[in-house]
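Q: next input, structure requested:
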Amino acid sequence: MRLSYPANIKIVKVPCSGKVDVLYILKAFEGGADGVFVAGCMEGDCHYLTGNLRARKRVDYAKRILDETGIGGDRLEMYNMSAAQGTRFVEVAEEMCTRIRNLGPSPAGSAPVPEPAAQEPAGGGTTQAASSHKEPQP
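A: Below is the predicted model of the structure:
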């Protein structure tokens, strides 16, 4: 069984969540994302030892910047999950989409117009997920 997540999620794969820089997160908002979540491996189980801990610190710092600029730190979140937790990834994606939908469009600007094949569901915004995992497995 193939798991599906909301169509308005754009996945940006990185080898480790520790490679997600604050600048990348802020650029996502500048580029029109209404929300961003970073999916990293479980704490204490990082292949690169402390990458997920660095990612957590960077996400927390970016949240403070988003609060200070009026965009809102609640538009950004970090989740820890293993690559085998495909169902959890889908739950997190849906949770973030609901959160962003309730917050409304980002004050940073509107999202770019999606291509016809990538139409977003009604009432959706764009949520970007930086994932250090492979695609969710059934």
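Q: which residues does residue 79 bridge with?
A: Counting by DSSP bridges, residue 79 forms beta bridges with residue 39.
Q: what is the neighbour count of it?
A: The local packing of residue 79 (other CB atoms under 10 Å) involves 20 other residues. Every C-beta, even on glycine, is put in place using the N, C-alpha and C of the backbone.
Q: contacting residues for it?
A: By CB atoms under 8 Å, 6 or more residues apart in numbering, the contact set of residue 79 is 37-40, 92.
Q: pLDDT score assigned to it?
A: pLDDT recorded at residue 79 is 97.
Q: state the mean pLDDT of stretch 84-92.
A: Stretch 84-92 carries an average pLDDT of 93.
Q: ugh, typo on my part, it should be stretch 64-76
A: Averaging pLDDT along stretch 64-76 yields 97.
Q: list the buried residues in stretch 30-48.
A: Neighbour counts over stretch 30-48 (16 or more other CB atoms under 10 Å) mark 32-41, 46 as buried.
Q: kindly report the same for stretch 56-74.
A: 56, 58-59, 62-63, 66, 71-73.
Q: now swap in stretch 18-25 and tell me
A: For stretch 18-25, burial by neighbour count (16+ other CB under 10 Å) applies to 18, 20, 22, 24-25.
Q: among these, which are in helices?
A: 22, 24-25 (DSSP state H).
Q: mind checking the SS state of the residue nearest the centre of the chain?
A: Nearest to the centroid of the C-alpha atoms of the chain, with distances taken as CA atoms, centre = their mean, sits residue 37, at 2.1 Å. Counting by DSSP: H, G, I helix; E, B strand; the rest coil, the backbone at residue 37 sits in strand.
Q: which stretches in the chain count as helices?
A: Using DSSP H, the helices of the chain run over residues 22-30, 51-68, 86-103.
Q: which stretch among the ones you listed comes nearest residue 77?
A: helix 86-103 (6.5 Å; CB to CB).
Q: buried residues in the closest one, which are they?
A: Within helix 86-103, the residues that count as buried by 16+ other CB under 10 Å are 86, 89-90, 92-93, 96-97, 99-101.
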